[in-house]
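Asker: Coordinates for the following, if possible.
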Amino acid sequence: MTKIFLDGGTHLGGGLKAISKKEGIDKSWKVYSWEANPHTYNKNLKNKKRYERFDIKFYNQALSTYNGYLDVMIQQQRSKHTGEMANTGQGTTILSIDDFKNPEAKADQIIEKIKISCIDFAQWIERNTSPEDEIIIKLDIEGAEYDLLEHLIKSHVLHRIKKIYIEWHSYAMKNKESLDKRQFEIESICKKNNIEVISWI
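Answerer: Residues are numbered from 1 along each chain as shown. Just a heads-up that it's a prediction; the model follows:
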């Protein structure tokens, strides 16, 4: 049995750092990181000291329900240290601006739109893990979590997952009521399958 941590939407490693303390994630675990923003991904590759406690592999890809390519929008963020606007900002999303509650404000924050590769997350788990493994997932993927988790539920790998840490994004979306209903259904199915779902932010 291998302990595995799958980090969807790594950004600059804040979630990994916090969850690793709770779960005891260290070099004995296999850690896989997916970050859709290429600027943030490259910064992570260069910052070896931040990740020296982990056996980690980085991917500049988006988690999805299929293999291929999709458009991502990169949101800028003001640096806490310099005060300048950075292209490693939080909020990189594969959704349309029109999906958000305040699309005008969201549009003002987007500085770049690019095409990147995406992977079928359920298929990746099926091919790269075994039924004996203990898998913990973290998702912070800016509103794409609903489709992704519903896809996992329909797959043959749901039983491999022990725990899911997640930031739900209905608060930022136009169709909040519909998304909250989907969240309830996802959490109910996970509970029936003995999968703990933790809202971590």
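Asker: pull the longest helix from the protein.
Answerer: helix 176-192 (DSSP state H).
Asker: Give the buried residues for it.
Answerer: Buried residues in helix 176-192, defined by neighbour count with 16 or more other Cβ atoms under 10 Å: 179, 182, 183, 186, 187, 189, 190. To be clear about C-beta, it is placed using only N, CA and C from the backbone, and glycine gets the same treatment.
Asker: Repeat that for stretch 193-200.
Answerer: Those buried within stretch 193-200 under the rule 16+ other Cβ under 10 Å are 195, 197, 200.
Asker: got those residues as CSV, with secondary structure, pLDDT and distance to residue 96 columns?
Answerer: Shown next, in CSV, are the buried residues of stretch 193-200 (DSSP: H, G, I helix; E, B strand; the rest coil; pLDDT from 0 to 100; distance: Cβ to Cβ, whole Å):
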residue, secondary structure, pLDDT, distance to residue 96
195, coil, 97, 30
197, strand, 98, 26
200, coil, 79, 26
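Asker: correct me, but residue 29 touches residue 54?
Answerer: Yes. Assessed by Cβ atoms under 8 Å, residue 29 is found in contact with residue 54 at 7.2 Å.
Asker: Neighbour count: these two, which is higher?
Answerer: Neighbours were counted for residue 29 and for residue 54 using other Cβ atoms under 10 Å; residue 54 has more, 21 against 18.
Asker: In contact with that one, which residues are there?
Answerer: Contacts for residue 54 (Cβ atoms under 8 Å, 6 or more residues apart in numbering) come out as 16, 20, 25, 26, 27, 29, 31.
Asker: ok, now residue 87?
Answerer: 37, 39, 74, 76, 111, 112.
Asker: on contacts alone, who are the packing partners of the helix or strand encompassing residue 69?
Answerer: Residue 69 belongs to strand 68-75 when assigned by DSSP states H and E. Here strand 68-75 touches strand 62-64, strand 110-120, going by 3 or more Cβ pairs under 8 Å, 6 or more residues apart in numbering; DSSP states H and E.
Asker: before we move on, back to that, want to try a markdown table for the buried residues of stretch 193-200, with distance to residue 130 as columns?
Answerer: A markdown table is the format used below for the buried residues of stretch 193-200 (distance: Cβ to Cβ, whole Å):
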| residue | distance to residue 130 |
| --- | --- |
| 195 | 17 |
| 197 | 23 |
| 200 | 26 |
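Asker: out of those residues, who's nearest residue 123?
Answerer: Nearest to residue 123 among the buried residues of stretch 193-200: residue 195, at 18.9 Å, using Cβ to Cβ.
Asker: Check whether that closest one really touches residue 162, as I assumed.
Answerer: Yes. Using Cβ under 8 Å, residue 195 is in contact with residue 162, at 6.8 Å.
Asker: tell me, what's touching these two both at once?
Answerer: Between them, residue 195 and residue 162 share no contacting residue under Cβ under 8 Å, 6+ apart.
Asker: between the buried residues of stretch 193-200, which is closest to residue 127?
Answerer: Nearest to residue 127 among these, with distances taken as Cβ to Cβ, is residue 195, at 20.3 Å.
Asker: Now the closest one: closest residue in space, sequence neighbours ignored.
Answerer: residue 161 (5.4 Å; Cβ to Cβ, 6 or more residues apart in numbering).
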